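Asks: return atomic coordinates for the entry below.
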Amino acid sequence: MSDETILAYALDTFYLLISGALVMWMAAGFAMLEAGLVRSKNTTEILTKNIALYAIACLCYLLIGYYLMYGSGGAEHYADAADFFFQSVFVATALSIVSGAVAERMKLISFLLFSVVLSAVIYPIQGQWSWGGGFLSDWGFIDFAGSGVVHLAGAAAALAGVLLLGPRHGKYKNGKAQAIPGANMPLATLGTFVLWFGWFGFNGGSQLKLSSVEDAEAIANVFVNTNIAAAAGTIGALIISKVLSKKADLTMILNGALAGLVAITAEPASPTHLLATTIGLCAGVLVVLSILAIDRIKIDDPVGALSVHGVCGCFGLLVVPMSVSDASLLTQLTSLAVIFGWMFVTSFIVWWLLKVSIGIRVTKEQEYQGGDAVDCGVEAYPEFVRGSGAG
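Replies: Numbering: from 1, shown residues only. You can find the predicted model right below:
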């Protein structure tokens, strides 16, 4: 190797590792977002889920998943270990999506067992089809950083679990959805900002290389487009919320930012900044309409994950041809259907097997008590308790 080649190898490896560390920080973002959007009695349980799923994803992807997705590696421009690390944190992201959608009524042990299967087998197989050189890649499917491979995949797995779980008690009365406010809006907002920050590693790192002028230019464009799409998504959700409810609904605004991020993830390098803004703005509007529609058909999603990652993940994949001349709308749509179908059907089977064996839902009494008391024995906010005396 020449000195230039060695330097490029070291730089690209370092860049991939730092990007992976940023994506790992998204695990904290998901934990804070979900902890803020669930009720206080389920806070410790959702935090337990998030740290446990991250650990499970890393271990199962090491033992089985990476080999199913990429074989034995063989990266040319950076270390194989850096590639493994970067890809493993993506698996944890997909699992975090599932965590929020099934919150407040799923057994902790059932979720963790599902996490093993998804990170070891279900996710890596569809990942191989697209990013591992499989048939979706051969078709010409384009998904730069994972609107479909990660976000839609996680949402499809979550939808299968949600349908088998059913809604939380009290969510629907007389055919109408009832608001169940989250416990901590500052925490949810912090989580969104952490995710926004981590997304620069998610999208920017997916360029995989930094050492050439072309790569550096592409990464700079990715950063700008990622940021501007999130900003536009925030504004889009704010505007549509004010139009529909006359209120600036913070939960919708936070999901608008995430919707813009998810939508631009399919192709953040090619769009002009104006097009990235438009994509983010449309995603911000779309996610609000989707959350309302999903609520109306009585699918209970406490954090809006199905809309943010599923609906906006689909939207992101379908707008790729607007900036990539080689992309085909038919190919994008067909590949989208393949990913959704695989993830939904296989996840549904696993959820169903868990349901008929150990069960996936807590009892009505346990749901009333909350996951903190039932599964963890530790309250998130122990100082906020009702006294036993009068007054």
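Asks: only C-alpha atoms for contact and neighbour calcs from this point on.
Replies: Will do.
Asks: list the neighbouring strands of the helix or strand of the chain with the lowest mean pLDDT plus their orientation.
Replies: Within the chain, no helix or strand scores below strand 176-177, which has a mean of 86 by mean pLDDT, DSSP states H and E. Strand 176-177 pairs in its sheet with strand 172-173 (antiparallel), by DSSP bridges.
Asks: averaged pLDDT, the strand it pairs with. What do you get?
Replies: Average pLDDT, strand 172-173: 90.
Asks: distance between it and the chain's centre?
Replies: 28 Å (CA atoms, centre = their mean, to the nearest Å).
Asks: going forward, the N-terminal residue is numbered 29.
Replies: With 29 as the first residue, the last one maps to strand 200-201.
Asks: what residues does that strand touch?
Replies: With CA atoms under 8 Å, 6 or more residues apart in numbering as the test, strand 200-201 has contacts from 206, 326.
Asks: mind doing that once more with 7 Å?
Replies: Q206 (CA atoms under 7 Å, 6 or more residues apart in numbering).
Asks: just so I have it, where are all the helices in the stretch 229-378 of the chain?
Replies: For the stretch 229-378 of the chain, helices defined by DSSP state H, counting those that start in this stretch occupy the ranges 241-273, 278-292, 301-324, 333, 340-346, 357-385.
Asks: what about the fifth one, average pLDDT?
Replies: The predicted model assigns helix 340-346 a mean pLDDT of 98.
Asks: please apply the same query to the second one.
Replies: Mean pLDDT, helix 278-292: 98.
Asks: dump the C-alpha coordinates for that helix into CSV.
Replies: Taking C-alpha atoms only, helix 278-292 is exported to CSV below (Å, rounded to 0.1, in the frame of the first residue of the first chain):
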residue,chain,number,x,y,z
LEU,A,278,-45.9,19.6,20.3
THR,A,279,-46.1,15.9,19.8
MET,A,280,-47.1,16.4,16.2
ILE,A,281,-44.3,18.9,15.7
LEU,A,282,-41.7,16.5,17.1
ASN,A,283,-43.0,13.8,14.9
GLY,A,284,-42.8,16.2,12.0
ALA,A,285,-39.1,16.7,12.5
LEU,A,286,-38.6,12.9,12.6
ALA,A,287,-40.8,12.5,9.5
GLY,A,288,-38.6,14.9,7.5
LEU,A,289,-35.5,12.9,8.6
VAL,A,290,-37.0,9.6,7.7
ALA,A,291,-38.2,10.8,4.3
ILE,A,292,-34.9,12.3,3.2
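Asks: helices or strands up against that helix?
Replies: helix 241-273, helix 301-324, helix 340-346 (3 or more CA pairs under 7 Å, 6 or more residues apart in numbering; DSSP states H and E).
Asks: let me have the ones you listed in TSV, adding distance to L61 and mean neighbour count as columns.
Replies: Below are the helices and strands packed on helix 278-292 laid out as TSV (distance: least, CA to CA, whole Å; neighbours: other CA atoms under 10 Å):
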stretch	distance to L61	mean neighbour count
helix 241-273	16	21
helix 301-324	16	22
helix 340-346	18	27
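Asks: who's in contact with C340?
Replies: 287, 290-291, 311, 315.
Asks: now do 6 Å
Replies: C340 makes contact with 287, 291 under the criterion CA atoms under 6 Å, 6 or more residues apart in numbering.
Asks: repeat for D40
Replies: So D40 contacts 106, 237-238 (CA under 6 Å, 6+ apart).
Asks: quick check: it vs L136, distance?
Replies: For D40, the distance to L136 (CA to CA, to the nearest Å) stands at 39 Å.
Asks: same check on S363?
Replies: Distance from S363 to L136, by CA to CA: 32 Å.
Asks: if you count surrounding residues, which of these two has more?
Replies: Higher neighbour count among S363 and L136: S363, with 25 against 22, using other CA atoms under 10 Å.
Asks: could you list the low-pLDDT ranges of the stretch 29-178 of the chain?
Replies: Along the stretch 29-178 of the chain, the model assigns pLDDT under 70 to no residue.
Asks: check the stretch 179-328 of the chain too.
Replies: For the stretch 179-328 of the chain, no range has pLDDT under 70.
Asks: returning to that earlier point: now render the helices and strands packed on helix 278-292 as JSON lines, adding distance to Y409.
Replies: Output for these, formatted as JSON lines (distance: least, CA to CA, whole Å):
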{"stretch": "helix 241-273", "distance to Y409": "30"}
{"stretch": "helix 301-324", "distance to Y409": "29"}
{"stretch": "helix 340-346", "distance to Y409": "34"}
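Asks: so for I84, which of the ones you listed sits nearest?
Replies: Relative to I84, the nearest member of those by CA to CA is helix 340-346, separated by 24.4 Å.
Asks: can you get me the centre-to-centre distance for that closest one and its chain?
Replies: Distance, centroid of helix 340-346 to centroid of chain: 13 Å (CA atoms, centre = their mean).
Asks: what separates I34 from T41, distance-wise?
Replies: If you go by CA to CA, the gap between I34 and T41 works out to 11 Å.
Asks: who has more neighbours, the two?
Replies: T41 (23 against 13).
Asks: look up how far D31 lies from that one.
Replies: Counting by CA to CA - T41 and D31 are separated by 15 Å.
Asks: for T391, same thing?
Replies: Taking CA to CA, one finds T391 at 64 Å from D31.
Asks: tell me which of the helices and strands packed on helix 278-292 lies nearest to E395.
Replies: Comparing these against E395 with CA to CA, the closest turns out to be helix 301-324 (20.1 Å).
Asks: which one, of the helices and strands packed on helix 278-292, ends up nearest to Y396?
Replies: Closest approach to Y396 among the helices and strands packed on helix 278-292 is made by helix 301-324 (21.3 Å; CA to CA).
Asks: and the nearest residue to N283 once chain neighbours are set aside, how many neighbours?
Replies: Counting by CA to CA, 6 or more residues apart in numbering, V336 is the residue found nearest to N283 once chain neighbours are left out, at 6.5 Å. Look at V336: counted by other CA under 10 Å, it has 31 neighbours.
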